[in-house]
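K.L.:
Predicted coordinates and the sequence they were generated for:
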Protein chains: 4
Amino acid sequence: MKKDEYIGILTSGGDASGMNAAIRAVTRTAIFNGFKVKGIYRGYEGLIAGESRELTTEDVSSIIQRGGTILKTARSEAFTTPEGRREAYDTMRKEKIGALVVIGGDGSLTGARIFAEEYPVTCIGLPGTIDNDLYGTDFTIGYDTALNTIVECVDKIRDTATSHDRIFFVEVMGRDAGFLAQNSAIASGAEAAIIPEDRTDADQLETFIGRGFRKTKNSSIVIVTESPGNKNGGAMHYADRVKREYPGYDVRVSILGHLQRGGAPSANDRILASRLGEAAIQALMEDQHNIMVGIHNNEIVYVPFDQAIKNDKPIDKNLIRVLNELSI
Amino acid sequence: MKKDEYIGILTSGGDASGMNAAIRAVTRTAIFNGFKVKGIYRGYEGLIAGESRELTTEDVSSIIQRGGTILKTARSEAFTTPEGRREAYDTMRKEKIGALVVIGGDGSLTGARIFAEEYPVTCIGLPGTIDNDLYGTDFTIGYDTALNTIVECVDKIRDTATSHDRIFFVEVMGRDAGFLAQNSAIASGAEAAIIPEDRTDADQLETFIGRGFRKTKNSSIVIVTESPGNKNGGAMHYADRVKREYPGYDVRVSILGHLQRGGAPSANDRILASRLGEAAIQALMEDQHNIMVGIHNNEIVYVPFDQAIKNDKPIDKNLIRVLNELSI
Amino acid sequence: MKKDEYIGILTSGGDASGMNAAIRAVTRTAIFNGFKVKGIYRGYEGLIAGESRELTTEDVSSIIQRGGTILKTARSEAFTTPEGRREAYDTMRKEKIGALVVIGGDGSLTGARIFAEEYPVTCIGLPGTIDNDLYGTDFTIGYDTALNTIVECVDKIRDTATSHDRIFFVEVMGRDAGFLAQNSAIASGAEAAIIPEDRTDADQLETFIGRGFRKTKNSSIVIVTESPGNKNGGAMHYADRVKREYPGYDVRVSILGHLQRGGAPSANDRILASRLGEAAIQALMEDQHNIMVGIHNNEIVYVPFDQAIKNDKPIDKNLIRVLNELSI
Amino acid sequence: MKKDEYIGILTSGGDASGMNAAIRAVTRTAIFNGFKVKGIYRGYEGLIAGESRELTTEDVSSIIQRGGTILKTARSEAFTTPEGRREAYDTMRKEKIGALVVIGGDGSLTGARIFAEEYPVTCIGLPGTIDNDLYGTDFTIGYDTALNTIVECVDKIRDTATSHDRIFFVEVMGRDAGFLAQNSAIASGAEAAIIPEDRTDADQLETFIGRGFRKTKNSSIVIVTESPGNKNGGAMHYADRVKREYPGYDVRVSILGHLQRGGAPSANDRILASRLGEAAIQALMEDQHNIMVGIHNNEIVYVPFDQAIKNDKPIDKNLIRVLNELSI
């Protein structure tokens, strides 16, 4: 990595809380080590269009506590085409951007992988997604904040559920991954979680209704991963089914939606983002490229893009047992 | 009010944060003044069925900070019938409940009013609803908490809106009343509020789209009162319309739903509930009956049930102007 | 007010959450009505030194939810001298600042009053202080946020107090005014409040110890206004006294300190600040000067500086009775 | 473990948020597996005195979200004496308590270790302390919540620090361990952390003052572990030193105190407590005894009491570098 070139940084895909902390860490560590940094706006769109500006240590002051991303983000159609990536490469050369730090989820890292195969560019990826679905890192930036936000919301919903003796189906994000649903269910004391990874959900629901709810007229919370991640459908689907099969129950649905993404990041997300951002620059100084910087067993790890993207990260099956035992 | 009889207390209709603080205040003030209290479960349903138990000062300890209602709540079909009210009256006599404090919204107070016309019962109402739509009181228990919850949610949604340059239509509760939408719009710095009281909403949206959004590609938040309160429909309706008329925009909907009801009450709701609960017992000691205890210009007021229920509480038109000026 | 001159805006004295919402409202309403605005840094210090810059609508975008003040604040020694005010006046003329909106507490408004007596300047004051101690306005900007922050802290402290059967003396801000202590005590279900306005505090403590605590070994929270507002001393003083007189008790002190000032403003503070900021410009357009814009019975009022500063705002004595009854 | 005996559970030492989630998990998992549970009040004090009662699944319902401990806690002088432990053993036999689950910090686990050496009792320890200072487990119950509480407080304090250009020394808990200070400093974007593990603090402060603050008049936050853990003294000591050596600076102290312990537990603390509580019963069923159940690399581990107590858990030195680089 030459010091007369810039390190470019961009955020891509869905926003996740903690992205700003990562931008701050990348920028400050780079400057601390004698590099210059350019912030690129709106992800790969801005990379193609050349929308960027130099970042100073002051530019990233007082952003560690803010949700969203000061660099904005987007999903780029153009970058999925060879022409788009050609333009992106030309812009990088014109703007003297010698390396790229990409903060995003699997779609964004896939883009980086293809780009790095086609052109002689150095890309470092940071896992930024609330879904926690990237292989090779125990946690992704934004996941802990989203998890806490969900739990705080369910705490509120439970007040109503208990006051009215209702069953609530609460739908959370996660796409194909049940991390948010599974863990928020345990943390909020929910009665069940319906997640994409566990195909026994239909039976579970049966058991749950039969056991927990029918015997003692009472309230219940079931957390459901959003559809289409859940092949059978989201919270609405299961609520309709219970209404149909158990007409006596007072069933409601709450779809938490986009408020799961934003808000001030949790302590963990700020620390994770700070460590990963710092490590991204360390990786560049070690001449690493085309890797995702992740965390595993509390140590920084370098994960080739291929692995991070292609492998599915499994749910801890023990958690299914824990939830099952604790919801009696 | 004779001291060998109980004061009954119940919560009815939709739960609102601060109801527990009111239960605590009624119970402790009553006991402080030498009365005995019975807590009645599940609103008028429990009144009819005789589901109640005596409350001590310890029973209401450490509940001031909790959402929901420890007495549970329900909407009672039976109490809307003469037979149901007959049973309720019989139960009250059998249980030696000499007066009734009802915490709820206009449906619940309407029930109390009819009951008190038919039978020689003493009813005191406390305004408990997040909608703030009761005439004769400046604030209802639960409104301030719901307002703060909405504002915190919109703060989070704005992180995403800003990061992605999106328009969000955020749907909030309120039924026929725009207090939550109007005030949360001002407090969250939203660009517009679409409320039932203001029939010019269609034009407003036009203006808003034409002025604020079209000229600078940017993010926007519009707060919408839920349908059917909004005759034209809720957030989904307006989002669809913008998508149809302005296909270039990235439009999303967020329906906040039941999380608006629960959660630890705000300081204001706890103080309001404490003052109103204390005043309910004062009112009983002054031989008041069939009134709602409210607050107006920071003073306790007694409002005949008729007035509280039949009159519409108007939105402050100045707030529409303020929102309009500040969203430029 | 001539439109070729600027409206200057500054924040002065202790920071209060909601000041940014007021800056936003003043700026946008001014621009909406055809005026230009200059933000002056660090209160009267910056007025004297000429540290200011023009504010656009974008400059005040996304600040409504932030604590502190983007204009910074200070207590100015220089401005208490005739020479300092002379310089300030000269700077205003040089910078073409035709009117001044001052957001601050009684010290800041006193400065504005003297300044306006000595020089032909137009000053509009907005009440910005967490202490709520300005006469003529029911609420000051920052008070509701501080009150909620205190209540959230006491909710946490009570977890420990209850788990350990301890007495906590919690010291809160307020200087000579007991609004924060009195209201947070009611809202947090504290057993007592020791406030400057009520000279019976010694007896109260006696009663409280004798009644509430001695009979049932249990936990207690007492909220105390900071010294020197409390003539006898703050939380530490009372804790020492109880330790001395009742050696068996497990007594702790918590001084909440500066975290009471900051944080995202509550919904009420944002709305209040928005309304007052908007009204400040309305007042200027009506050729008002040397008044504080306040709120009374939910209506905007204009209060001559003299009244706002010289009169003491009394505590609602009813609240003392309510607290007393509810802490049995 | 025989099923006609009870599993006793107690919380001991300082309270930590998440203890209730652990009590719930132990109780429900025990009942799920056919055991009976007795909750023992006020730690070892209640064990000696025989203050306990059987816990049902309903008794631990809706406590997962509450700070403190429903079983109360205490530091027991008596249990440090042979006579006290003799009585405790006799009570256990009389009450048919066949095994003991102890939730607490190193003092509490030391008590359990000695007790188990002297008498034929089965003790399982769960790490419950906000300080995170137990060897053999990556995290202790309560640590993540305290960390988030600190970070939220510092976010508020920074609003004031920035508005006034002040240096704040913020004192946090941790006793001899700097986990809370070090990690909250990174997460809150503080300029430095002064921790017991790092003896270079004096130089650091020198560097920090010389570098970060002197060159740009600005605000700063320094997080300091409480004294006597910090041999040189707490926040007050360092503030005094800076005031003395750099008289021009506006220096303030904030001691966060007991509010760090309470509050609703974070998602992570609830999950950790649920997993550890469940594992405690699994361990009993595997005939484990006199171990602490911990978590390491996201797996449940059994740690002999000796190891957990006697070894010091080291700070991750990388975090010192990260903080140093990011605070430029």
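P.N.:
Arrived safely. Numbers count the residues shown, from 1 in each chain, chains lettered A, B, ... in the order given.
K.L.:
mind listing the strands for the stretch 151-300 of chain A?
P.N.:
Along the stretch 151-300 of chain A, counting by DSSP state E, counting those that start in this stretch, strands occupy A:167-172, A:192-194, A:220-225, A:251-255, A:291-296, A:299-304.
K.L.:
Columns mean neighbour count, distance to chain C and mean pLDDT on top of the ones you listed, output as TSV?
P.N.:
All C-beta atoms are positioned from the backbone trio N, CA, C, and that covers glycine. Listed next are the strands of the stretch 151-300 of chain A as TSV, based on neighbours: other CB atoms under 10 Å in any protein chain shown; distance: least, CB to the nearest CB, whole Å; pLDDT from 0 to 100:
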stretch	mean neighbour count	distance to chain C	mean pLDDT
strand A:167-172	27	24	96
strand A:192-194	27	28	91
strand A:220-225	28	23	93
strand A:251-255	20	21	96
strand A:291-296	24	29	98
strand A:299-304	16	33	97
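K.L.:
Is it possible to get CSV of these that adds distance to residue D:269?
P.N.:
Shown next, in CSV, are the strands of the stretch 151-300 of chain A (distance: least, CB to CB, whole Å):
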stretch, distance to residue D:269
strand A:167-172, 19
strand A:192-194, 19
strand A:220-225, 18
strand A:251-255, 24
strand A:291-296, 19
strand A:299-304, 23
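K.L.:
which stretch among those comes nearest chain B?
P.N.:
Minimum separation from chain B across the strands of the stretch 151-300 of chain A (CB to the nearest CB) falls at strand A:251-255, 4.5 Å.
K.L.:
Given that closest one, what are its sheet partners and their directions?
P.N.:
Using DSSP bridges, the strands paired with strand A:251-255 are strand A:167-172 (parallel).
K.L.:
Just the pLDDT for the closest residue to residue A:134 other than its chain neighbours.
P.N.:
Spatial nearest neighbour of residue A:134, excluding adjacent residues (CB to CB, 6 or more residues apart in numbering or on different chains): residue A:127 at 4.5 Å. Residue A:127 carries a pLDDT value of 98.
K.L.:
Which neighbours in the sheet does the helix or strand hosting residue A:127 have, and how are they oriented?
P.N.:
Per DSSP states H and E, residue A:127 falls inside strand A:122-127. Sheet partners assigned to strand A:122-127 using DSSP bridges are listed as strand A:97-104 (parallel), strand A:291-296 (parallel).
K.L.:
Run through the residues of the stretch 1-150 of chain A sitting next to chain D.
P.N.:
Neighbours of chain D within the stretch 1-150 of chain A, by CB under 8 Å from any CB of the partner chain: A:24-25, A:28-29, A:31-33, A:57, A:62, A:64-65, A:138, A:144, A:147-148, A:150.
K.L.:
repeat that for 6 Å
P.N.:
Contacts of the stretch 1-150 of chain A with chain D, taken as CB under 6 Å from any CB of the partner chain, map to A:25, A:28, A:29, A:32, A:57, A:64, A:65, A:147, A:148.
K.L.:
Next, work out how far apart the closest residue to residue A:315 other than its chain neighbours and chain D are.
P.N.:
Nearest in space to residue A:315, with sequence neighbours left out and distances taken as CB to CB, 6+ apart, is residue A:197 at 4.6 Å. Residue A:197 sits 17 Å away from chain D, going by CB to the nearest CB, to the nearest Å.
K.L.:
doesn't residue A:314 make contact with residue A:197?
P.N.:
No: look at residue A:197 against residue A:314 with CB atoms under 6 Å: they stay out of range, at 7.2 Å.
K.L.:
Give me the more crowded residue out of the two.
P.N.:
residue A:197 (19 against 9; other CB atoms under 10 Å in any protein chain shown).
K.L.:
pLDDT wise, what is that one at?
P.N.:
At residue A:197, the pLDDT recorded in the model is 89.
K.L.:
now the one 5 residues further on
P.N.:
Predicted confidence (pLDDT) for residue A:202: 56.
K.L.:
you'd agree residue A:9 is in a helix?
P.N.:
No: per DSSP: H, G, I helix; E, B strand; the rest coil, residue A:9 lies outside any helix segment and is strand.
K.L.:
Just give the nearest non-adjacent residue to it, would you?
P.N.:
residue A:101 (4.5 Å).
K.L.:
Please name whichever of the strands paired with strand A:122-127 is nearest to residue B:154.
P.N.:
Among the strands paired with strand A:122-127, the nearest to residue B:154 by CB to CB is strand A:97-104 (24.8 Å).
K.L.:
Pull the CA coordinates from that closest one and hand them back as CSV.
P.N.:
Extracted in CSV, the C-alpha atoms of strand A:97-104 (Å, rounded to 0.1, in the frame of the first residue of the first chain):
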residue,chain,number,x,y,z
ILE,A,97,-7.7,5.3,-4.6
GLY,A,98,-5.3,2.5,-4.1
ALA,A,99,-7.3,0.2,-1.8
LEU,A,100,-10.9,-0.1,-0.9
VAL,A,101,-12.5,-0.9,2.4
VAL,A,102,-16.1,-2.2,1.9
ILE,A,103,-18.5,-2.4,4.8
GLY,A,104,-21.5,-4.4,4.1
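K.L.:
List the buried residues for that strand?
P.N.:
In terms of neighbour count (16 or more other CB atoms under 10 Å in any protein chain shown), strand A:97-104 has its buried residues at A:97, A:98, A:99, A:100, A:101, A:102, A:103, A:104.
K.L.:
Show me which of these is closest to chain C.
P.N.:
residue A:103 (21.0 Å).
K.L.:
Using the record's assignment, carve chain A into domains.
P.N.:
What the TED database lists as the domains of chain A is A:4-140+A:264-308, A:143-259.
K.L.:
related to what we said a few turns ago, got the buried residues for the strand holding residue A:127?
P.N.:
A:122, A:123, A:124, A:125, A:126, A:127.
K.L.:
Identify the bridge partners of the second one.
P.N.:
On the basis of DSSP bridges, residue A:123 takes part in beta bridges with residue A:100.
K.L.:
Tell me which stretches of the stretch 51-200 of chain A form helices.
P.N.:
A:82-94, A:106-118, A:143-164, A:179-188 (DSSP state H, counting those that start in this stretch).
K.L.:
Deepest-packed of those, please.
P.N.:
helix A:179-188 (a mean of 28; mean count of other CB atoms under 10 Å in any protein chain shown).
K.L.:
re the thing from before, hmm, the residue nearest to residue A:134 is touching residue A:135, no?
P.N.:
No: if you go by CB under 6 Å, residue A:127 and residue A:135 don't touch, sitting 9.6 Å apart.
K.L.:
Please report how far the residue nearest to residue A:134 lies from residue A:63.
P.N.:
Remark: distance between residue A:127 and residue A:63 (CB to CB, to the nearest Å) = 19 Å.
K.L.:
Equivalent analysis for residue A:153, please.
P.N.:
25 Å.
K.L.:
same check, this time on residue A:243
P.N.:
Per CB to CB, residue A:243 is found 46 Å from residue A:63.
K.L.:
Same check on residue A:54?
P.N.:
Separation of residue A:54 from residue A:63 (CB to CB) stands at 16 Å.
K.L.:
can you pull the contacts of the residue of the stretch 201-328 of chain A found nearest chain C?
P.N.:
Residue of the stretch 201-328 of chain A nearest chain C, by CB to the nearest CB: residue A:264 (8.6 Å). For residue A:264, the contact set (CB atoms under 6 Å, 6 or more residues apart in numbering or on different chains) comprises residue A:65.
K.L.:
one more time with 10 Å, if that's ok
P.N.:
A:17-18, A:20, A:64-67, A:145, A:270, B:155-156, B:159, C:264, D:151-152, D:155 (CB atoms under 10 Å, 6 or more residues apart in numbering or on different chains).
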